[in-house]
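A.B. asks: Quick one, structure for this:
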Amino acid sequence: PFFNTMLRILTTRCMTQAVYFASGTLPVEQYYHFGLAAPIYTHFTSPIRRYADLMVHRLLAAAIKADNTTPSMIDKRRTHNICANLNYRHKQAQYAGRASVLLNTHLFFKDKVQDLEGYILSVRRNAIQVLIPKYGLESAVFVNADSPFVFNEDDCSMRSPDVTLRMFDRVVVQLSLNTKDEQHPKLQLKLVQPKVDGFSVDSLLSAPDLPTDAPMNDPKRQMLTAK
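C.D. replies: Predicted coordinates:
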């Protein structure tokens, strides 16, 4: 059911990110907007009125002689510099947004462990990247040299004597927050299903009456861990 979602994720990651630029500063073949599949695109109006929108409004108004223009508005170098600053600020806003999401994700999963359905987005030599639809997040199940898995470069799969993992395969993973480094906590995934001897961990459901999001300090969880 999440195949289309995964395809969109993988496809958009192959695309060059759209940026603002002044027309005439780049070759025409670089005008193409891949995300919208449009040969040329600019802002015209937007409910949030970005500064880029205002620049376009002013230039269009001047072009149709609905408003007066100023020399600075048609200075290509100045427009180029403004576009560069807009791109920089946009990227910084993205970084801030991602940091905020990460902080709140860590707060939510602190002292929790859950078994969750996931789908493999990619397979690398040392990790399996998993999408968890319930929370819309990604993390990796890391594979060390001592694991029974062997990476196959030909089809980008991870093989053990009994199990082969490929892109788009459904898995069950155990999600927790690793706080060994208190300043840099990280989400941690462990494989539950398919069962791979010497690598997979037991499902939380094997402990009677233990909810899958039970806190780490739950006595029942501690008993399960001790086993």
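
A.B. asks: all contacts plus neighbour counts: C-alpha atoms, from now on.
C.D. replies: Noted.

A.B. asks: Please read off the pLDDT at Asn4 from the model.
C.D. replies: On pLDDT, Asn4 comes in at 84.

A.B. asks: Just to be sure, it is in a strand?
C.D. replies: No - counting by DSSP: H, G, I helix; E, B strand; the rest coil, one finds Asn4 to be helix, located in no strand.

A.B. asks: Tally up the residues packed near it, please.
C.D. replies: For Asn4, the neighbour count with other C-alpha atoms under 10 Å is 9.

A.B. asks: ok, now Gly198?
C.D. replies: Every residue meeting other C-alpha under 10 Å relative to Gly198 is counted, giving 10.

A.B. asks: quick one: contacts for it?
C.D. replies: 147-148 (C-alpha atoms under 8 Å, 6 or more residues apart in numbering).

A.B. asks: Also Val56?
C.D. replies: Taking C-alpha under 8 Å, 6+ apart, we find Val56 in contact with 42-44.

A.B. asks: ranges for the helices of the chain?
C.D. replies: In the chain, the helices defined using DSSP state H lie at 3-13, 51-63, 76-109, 219-226.

A.B. asks: Determine the number of other residues adjacent to His106.
C.D. replies: The burial count for His106: 17, using other C-alpha under 10 Å.

A.B. asks: any low-confidence regions in this structure?
C.D. replies: The model of the chain has pLDDT under 70 over residues 1, 46, 206-227.

A.B. asks: who touches stretch 173-184?
C.D. replies: Residues from elsewhere that reach stretch 173-184 (C-alpha under 8 Å, 6+ apart): 106, 109-118, 185-193, 203.

A.B. asks: follow-up on the earlier one: pipe the helices of the chain into JSON lines and attach distance to Ala140 per row.
C.D. replies: Listed next are these as JSON lines, based on distance: least, C-alpha to C-alpha, whole Å:
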{"stretch": "helix 3-13", "distance to Ala140": "15"}
{"stretch": "helix 51-63", "distance to Ala140": "37"}
{"stretch": "helix 76-109", "distance to Ala140": "15"}
{"stretch": "helix 219-226", "distance to Ala140": "22"}
